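**Q** With the sequence up front, the predicted model follows.
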Amino acid sequence: MKKLAVLLFIVWSCESPTPTAQDIVDKAIETSGTQKLNDATASFIFRDIRYTYNSENRKYAYTRIQTDSLGNEVKDVLTNQGLVRFINGQKSDISEEKRTAYTSSVNSVIYFAFLPKSLNDDAVNKSLEGTIEIDGKNYYKIKVTFDVEGGGEDFDDIFYYWFDAEDYSMDYLAYSYVEEDEGRGLRFRVAYNSRKVNGVTVQDYKNLKPKIKDSVPLEEIDQAYLDGKLTELSLIELKNMSISY
């Protein structure tokens with residue numbers, strides 16, 4: 001009987017190898033349908049600001065359209081060639097410092113809106129950090145860092161993603177960031193209102209932070225969430241999402 005149990009364990013182990021970080025991300029992207037965004041257009045509203053997305057043949061154009069305090073239409077257009085700002089349809093001269101800031105903010109909104117699509121970008125480094133049970137479900141925990149080359153202005157940021165071990169949904173994410181006036185901060189996001197828009201998974205998030213600053217290491221933030229050591233900061237809601245091919 002003992003030999004049979006050992007044999008069954010060996011067979012099960014051979015049939016159920018631990019997936020690599022790349023395997024998990026590939027499956028998550030496939031399940032989410034976000035690979036369809038490689039050649040697609042999309043638009044949505046985030047915090048009363050309209051964003052558009054266009055990608056075709058590895059060329060992209062992201063726009064952010066808002067109205068300033070004087071009633072002017074301000075449109076930022078980010079492409080492979082960089083960012084250009086228009087005010088009431090006229091190109092506006094901006095400093096390189098502002099161009100860098102606008103580029104980062106536009107790119108950040110698009111990045112988060114269509115995760116996990118970007119986790120296979122060339123500058124991304126992925127590692128499987130184990131598994132954890134959250135709210136009765138088992139999750140793969142993936143750590144993501146970025147190369148300096150191609151990693152953008154915030155290449156030194158660190159991200160974690162939690163993928164359901166059964167259906168590969170991305171239900172949680174966390175990251176560290178550095179602000180000049182605040183130092184290093186942490187955020188933990190909990191997905192909700194997951195829905196399909198023309199075959200692509202779109203999610204909203206509850207945005208949480210540690211109750212006590214600098215009290216939680218980023219790599220332990222999932223346990224801090226389970227222990228009730230995080231507090232809700234804001235909601236990340238994508239409204240009026242449309243996607244076409």
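**A** Arrived safely, thanks for sending.

**Q** Okay, buried residues for the longest helix seen in the chain please.
**A** Ranked by number of residues, the top helix in the chain under DSSP state H is helix 96-113. Of all the residues in helix 96-113, those buried under the rule 16 or more other CB atoms under 10 Å are 99, 102-103, 106-107, 109-110, 112-113. The C-beta positions use only the backbone N, C-alpha and C, and glycine is treated the same way.

**Q** Not counting the helix or strand that that helix is followed by itself, show me its contacts.
**A** Note on helix 96-113: by DSSP states H and E, the next helix or strand toward the C-terminus is strand 124-134. When contacts are taken as CB atoms under 8 Å, 6 or more residues apart in numbering, the neighbours of strand 124-134 outside the stretch itself are 18-22, 24-25, 118-119, 138-147, 160, 162, 165, 171-172, 219, 222-223, 225-226.

**Q** Repeat that for stretch 196-204.
**A** When contacts are taken as CB under 8 Å, 6+ apart, the neighbours of stretch 196-204 outside the stretch itself are 31-34, 36-37, 113-114, 169-170, 191-195, 235-238, 241-245.

**Q** Would you mark the buried spots in it?
**A** In terms of neighbour count (16+ other CB under 10 Å), stretch 196-204 has its buried residues at 200-204.

**Q** quick one: terminal-to-terminal distance for that stretch?
**A** The first and final residues of stretch 196-204 sit 12 Å from each other (CA to CA, to the nearest Å).

**Q** Now do the same contact list for Lys59.
**A** Listed by CB under 8 Å, 6+ apart, the contact set of Lys59 reads 79-80.

**Q** related to what we said a few turns ago, which ones among the contacts of stretch 196-204 lie within strands?
**A** 170, 191-195, 235-236, 241-244 (DSSP state E).

**Q** check contacts around the most centrally placed residue in the chain.
**A** With distances taken as CA atoms, centre = their mean, the residue of the chain nearest its centroid is Phe112 (3.6 Å). For Phe112, the contacting residues are 205, 236, by CB under 8 Å, 6+ apart.

**Q** before we move on, the earlier item: and the average pLDDT for the longest helix of the chain is what?
**A** The average pLDDT for helix 96-113 rounds to 96.

**Q** between that helix and strand 239-244, what angle do the directions make?
**A** Our comparison of helix 96-113 with strand 239-244, counting by axes from the mean of the first three to the mean of the last three CA atoms, to 10 degrees, yields an angle of 80 degrees.

**Q** Put the alpha carbons of helix 96-113 into CSV.
**A** Output of helix 96-113 as CSV, limited to C-alpha atoms (Å, rounded to 0.1, in the frame of the first residue of the first chain):
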residue,chain,number,x,y,z
GLU,A,96,11.3,68.5,-20.6
GLU,A,97,10.5,68.1,-16.9
LYS,A,98,6.8,68.4,-17.6
ARG,A,99,7.0,66.2,-20.7
THR,A,100,8.6,63.5,-18.5
ALA,A,101,5.9,63.8,-15.9
TYR,A,102,3.0,63.8,-18.4
THR,A,103,4.5,60.8,-20.2
SER,A,104,4.8,58.9,-16.9
SER,A,105,1.2,59.7,-15.8
VAL,A,106,-0.4,58.8,-19.1
ASN,A,107,1.6,55.6,-19.5
SER,A,108,0.8,54.6,-15.9
VAL,A,109,-3.0,54.8,-16.4
ILE,A,110,-2.8,52.8,-19.6
TYR,A,111,-0.5,50.2,-18.0
PHE,A,112,-2.8,49.5,-15.1
ALA,A,113,-5.9,49.6,-17.2
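
**Q** That'll do, ta.
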